[in-house]
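sequence-free structure coming up:
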C-alpha cells in the first residue's frame, strides 16, 4: 500500500483574500460615504440658491401686481405684518388693490397646505436633478411709511422662498457652509415645527418706491386717427444729451428712434409709408401703409388720456393790466414761487407784430402762466419770442394757429413751453418755422404742415402731418419727477434677512 | 523489504516562478489600484472642498453686496461694504430667536433706513485664507486662496470680484497643469442709495 499524504491545507489564502476584500471594501465604503457627503453639501448649496430664486420670484409677483393693478389670487388681511407666514381664515377677502394702512396683501403657494381659495397652485417645478419644487409666499404692506414728496405711497414687500433639499437630514461636511446656508434639517428654523424633509428657506425684504410717470412718455399720443403724407418724419432726439442733439436742438445726423406713436382709436389712420422712427401702437382698425415704421407695430393700445382743464384761478390772482394781445406787446415773467399770471381774451398777432415773453430782472429762471380764453393766432411775419430763461404754460380755450414765423423759444427746450388746449378745437402749426414745445390738447385736431414742425411732444385728438413737416420727440421730456401719476415701482431698498 | 519511499510534495521551480510572477502581478495591481483609488479619492475630495469654498465665497459676497448701502475697495484689495442695521438686536450675528426686523422709515435724505447707523463687512485675503469680517470680528470662510481682487471700475452700480484658489490636489509636487481656479462674481447693488 502506498500511503499518500496530502500537504497541509492552511487557510492563509482565504484569509488573505478576505483581508484584501475587507480593506478594499472599507476604502470603497469610505470613498462612497465621503462622496455622499460631498453630494449632500452640493445639494444643500443648490437648494439654498433655489430658495433665493423662489423669493425673488415672489418679489416679482408683488411688483407685477403693483405695476399692473392685477391682484388675482391675492388676499387682503387686516392687522400688522406678522413675522411668520400668515395663516388667514377660511374666507379671506380678495385683494382689489394695494393695501391700505393697517392692512397687508398676501399671496402664497406654500409647500404647506393652504386653503384652495387663496393658494396659488403653480409652484416652480423643475425636471432636473436635485430639488424639483420651490415654493414661495409674499406680503405687501405700507410699513407705515408716509407718502413721498409726490404724494405717492411706497410699499414693503416681504418674500420667502423655500426649496426642498435633496439628501439626508445631515449637516454639510463643508463646516463653514452651515453658518451661511442654515438649512432646516429636522425643524423649520423659524416656526420650530417639525418638517418631513430638509429644506432651505430665504427671506427678502424689499421697499419699492413709486416712480412718477411723465405724460410725455412718447412723441405722439392720440385719441383718434393719424394721417401722414409728404416727406416728413416722426423721430426723436434728446436735448439733454450732446450725443443725441446739437446744442440741445434736434439734429437729423443724431436722430434717435424713440419717436413712438400711439392712438387709442386709430379710425382711418394712414401713414402713407412716411417714416416713423419709433414704435406704433394702436387700438381699432389697422393703420394703413406702415411699411416705413422703423420700430414695432402693436395692438391694442389701452391708456387713459387725462382731459385738460382751465386753471382754477380766482379773480384778483392774475395781472389784469393786460386783457388781450392783438399787437406788439411784452409780458414779463415772475419767479418760480410766484409766477406772473395773465388771463387774456385772445392772442392775435399779425403783420410784423411781436409778443415778447420777457424774463424778470432777477437773472434766475422766470415763470409765467397765460390763460387765453379765446383764440391764439400768429400769422404773416408776426411771432412770439420767449426769453431763454422763461418757462411758459398756456391754457387756450379755442383754436390755436401758429403760422409764419410763429414761435421763437430761445431756450431751445421743449419743456419751457407748455400749451394746454382745453376743449375740442383745432391746433395748426404751419409755415417754415419749427415750434419747440409740448402740446397737451387731447380734444384738439392737430395739423402740422409746411416745412417746419414740432420739436417736443404732442397729445391730441387727431394728427395730420403734411408738406414735409416733421415731429421730433424730445426724450428729455420723459423725466417729470414731480408727477403724482405712478408709472412703475422700483427697488428703493433690498435686504436679505439672514437670521 | 524495501521501505516505501516517502513522497515528497513540492512545487517545481517552474511552478514557483509562475506563482511568484502571478503573485507579483496581483500584488502590484492591488498596490497600484489602491494608490490610484486613494489619489482619485484625494482628487475628488480636493475638488469638492475647492468647489465648496468657491461657492461659499461667491455666495457670501453676493449676499452682502445685494443688500449693501455702500461699497468701496482700498489699495490692498479689501472690499468694504456697509449694510443696514436691519435687526433690533445683535446685527453682527442675529438669531431668529432674539433679533427682530425693524420697521423701515425715511431718513433725512428721503432714503430708506432701518436702525441707526450701519454694519460694516469686509472681505480680504489673509495669507492663504479668505476672511469675512463683520464689525471687526474676522471669520475664515475659505482656504487655499492665492489671490483676490475687486474690480473698481464701477462700485456705484455693481461689484465685480475675482478670487483665485490654489488647487487642493495636484498629480505631482508643485504646480500642475492647472495652477489655480478663478471664480468671478458680478453683483448688482440693489439698494438705491448704494447706486448714487
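Looks like it came in fine. Model, not experiment: these values are computed from the prediction.

give me the number of residues near residue A:388?
13 (other CB atoms under 10 Å in any protein chain shown). C-beta: built from backbone N, CA, C; applies to glycine.

no no, residue A:310
Residue A:310: 14 surrounding residues under other CB under 10 Å.

Also the one 4 residues further on?
Each residue near residue A:314 was counted by other CB under 10 Å, and the total is 7.

Low-confidence stretches in chain B?
B:1-8, B:152-156, B:173-178, B:195-196 (pLDDT under 70).

Distance of the nearest residue to residue A:353 once chain neighbours are set aside relative to chain B?
Distances taken as CB to CB, 6 or more residues apart in numbering or on different chains put residue A:382 closest to residue A:353, at 4.2 Å, once the chain neighbours are dropped. Residue A:382 sits 47 Å away from chain B, going by CB to the nearest CB, to the nearest Å.

what's the answer for residue A:331, then?
Taking CB to the nearest CB, one finds residue A:331 at 37 Å from chain B.

what sits against that residue?
Applying CB atoms under 8 Å, 6 or more residues apart in numbering or on different chains, we find residue A:331 in contact with A:322, A:325, A:340, A:342, A:355-358, A:368, A:370.

now do 6 Å
residue A:357 (CB atoms under 6 Å, 6 or more residues apart in numbering or on different chains).

Now it: which helix or strand?
strand A:329-332 (DSSP states H and E).

next helix or strand past that strand?
strand A:340-344.

Pull the residues that contact that next one.
Here strand A:340-344 makes contact (CB under 6 Å, 6+ apart) with A:317-319, A:322, A:324-325, A:333-334, A:368-372.

Give me the next element, helix or strand, following it.
Note on strand A:340-344: by DSSP H and E, the next helix or strand toward the C-terminus is strand A:347-349.

and that following strand, what other elements does it pack with?
Applying 3 or more CB pairs under 6 Å, 6 or more residues apart in numbering or on different chains; DSSP states H and E, one finds that strand A:347-349 contacts strand A:376-378.

Buried ones in whichever helix or strand comes after the strand it packs on, by neighbour count?
Next in sequence after strand A:376-378, counting helices and strands by DSSP H and E, comes strand A:383-386. Across strand A:383-386, burial judged by 16 or more other CB atoms under 10 Å in any protein chain shown covers A:383-386.

on that earlier part again, for PyMOL, write the select line for the buried members of the contacts of strand A:340-344.
To isolate the buried ones among the contacts of strand A:340-344 in PyMOL, judged by 16+ other CB under 10 Å, type:
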select buried, chain A and resi 318+324+325+333+334+368+369+370+371+372
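
now, among the contacts of strand A:340-344, which is nearest to residue B:96?
Nearest to residue B:96, judged by CB to CB, of the contacts of strand A:340-344 is residue A:369 at 57.9 Å.

dump the residue contacts of that closest one.
By CB under 6 Å, 6+ apart, the contact list for residue A:369 reads A:339, A:341, A:393.

can you check residue B:20 too?
Residue B:20 is in contact with no residue at all, counting by CB under 6 Å, 6+ apart.

Would you mind listing what in chain B touches chain A?
For chain B, the residues in contact with chain A (CB under 6 Å from any CB of the partner chain) are B:9, B:37, B:41, B:48, B:52, B:55-56, B:67, B:84, B:86, B:94, B:96, B:103-104, B:112, B:141, B:190-192.

List the buried residues of the strand holding residue A:331.
A:329, A:331-332.

cool, and stretch B:94-109?
Across stretch B:94-109, burial judged by 16+ other CB under 10 Å covers B:94, B:99, B:101-102, B:104, B:106.

The closest residue to residue A:219 other than its chain neighbours: neighbour count?
Once flanking residues are discounted, residue A:219 sits nearest to residue A:473: 3.0 Å by CB to CB, 6+ apart. Residue A:473: 32 surrounding residues under other CB under 10 Å.

Around chain B, pick out the residues from chain A.
Residues of chain A lying near chain B (CB under 6 Å from any CB): A:7, A:27, A:31, A:38, A:41, A:45, A:143, A:174, A:176-177, A:190, A:207, A:491-496, A:499.

For the residue of the stretch 201-350 of chain A found nearest chain B, give the beta-bridge partners.
Closest residue of the stretch 201-350 of chain A to chain B, CB to the nearest CB: residue A:207 (4.8 Å). For residue A:207, the beta-bridge partners under DSSP bridges are residue A:156, residue A:493.

mind listing what it touches?
With contact set as CB under 6 Å, 6+ apart, residue A:207 has these partners: A:154, A:156, A:492-493, B:104, B:112.

mind giving me JSON lines with the residues you listed and columns for distance to residue A:218?
Listed next are those as JSON lines, based on distance: CB to CB, whole Å:
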{"residue": "A:154", "distance to residue A:218": "26"}
{"residue": "A:156", "distance to residue A:218": "32"}
{"residue": "A:492", "distance to residue A:218": "26"}
{"residue": "A:493", "distance to residue A:218": "30"}
{"residue": "B:104", "distance to residue A:218": "34"}
{"residue": "B:112", "distance to residue A:218": "31"}
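
which stretches of chain A have low pLDDT?
Looking at chain A by pLDDT under 70, you get A:1-11, A:110-132, A:404-405, A:480-487.

can you give me the strands for chain B?
B:70-73, B:79-84, B:105-106, B:112-113, B:118-126, B:129-134, B:137-142, B:145-151, B:158-165, B:181-188 (DSSP state E).

Of all those strands, which one comes closest to residue A:400?
Residue A:400 lies closest to strand B:105-106 among the strands of chain B, at 42.9 Å (CB to CB).

mind checking the SS state of the residue nearest to residue A:255 when sequence neighbours are not counted?
By the measure of CB to CB, 6+ apart, the closest residue to residue A:255 outside its immediate chain neighbours is residue A:235, 4.9 Å from it. For residue A:235, the assignment made with DSSP: H, G, I helix; E, B strand; the rest coil gives strand.

tell me the contacts of residue A:235?
By CB under 6 Å, 6+ apart, residue A:235 lies in contact with A:255, A:259, A:277, A:472.

how close does it sit to residue B:95?
Shown here: residue A:235 relative to residue B:95, a distance of 60 Å by CB to CB, to the nearest Å.

quick one on the thing from earlier: for the residue nearest to residue A:353, which residues are in contact?
Contact partners of residue A:382, counting by CB under 6 Å, 6+ apart, are A:349-351, A:353.

How about stretch A:48-56, which residues are buried there?
Result for stretch A:48-56 [16+ other CB under 10 Å]: buried residues A:48-56.

Need the contact partners of it.
If you take CB under 6 Å, 6+ apart as the criterion, stretch A:48-56 is touched by A:131, A:134, A:136, A:159-163, A:181, A:200-202, A:204.

Please pick the buried ones from the residues you listed.
Buried by 16+ other CB under 10 Å: A:131, A:134, A:136, A:159-163, A:181, A:200-202, A:204, out of the contacts of stretch A:48-56.

Excluding chain neighbours, what is closest to residue 182?
In the absence of a named chain, chain A is used. Closest residue to residue A:182 apart from its sequence neighbours, by CB to CB, 6+ apart: residue A:189 at 6.1 Å.

That was the other one, I meant chain B.
Once flanking residues are discounted, residue B:182 sits nearest to residue B:164: 4.4 Å by CB to CB, 6+ apart.

Bridge partners for that neighbour, pull those for me.
Note on residue B:164: beta-bridge partners residue B:147, residue B:182, judged by DSSP bridges.

Cheers, nothing more for now.
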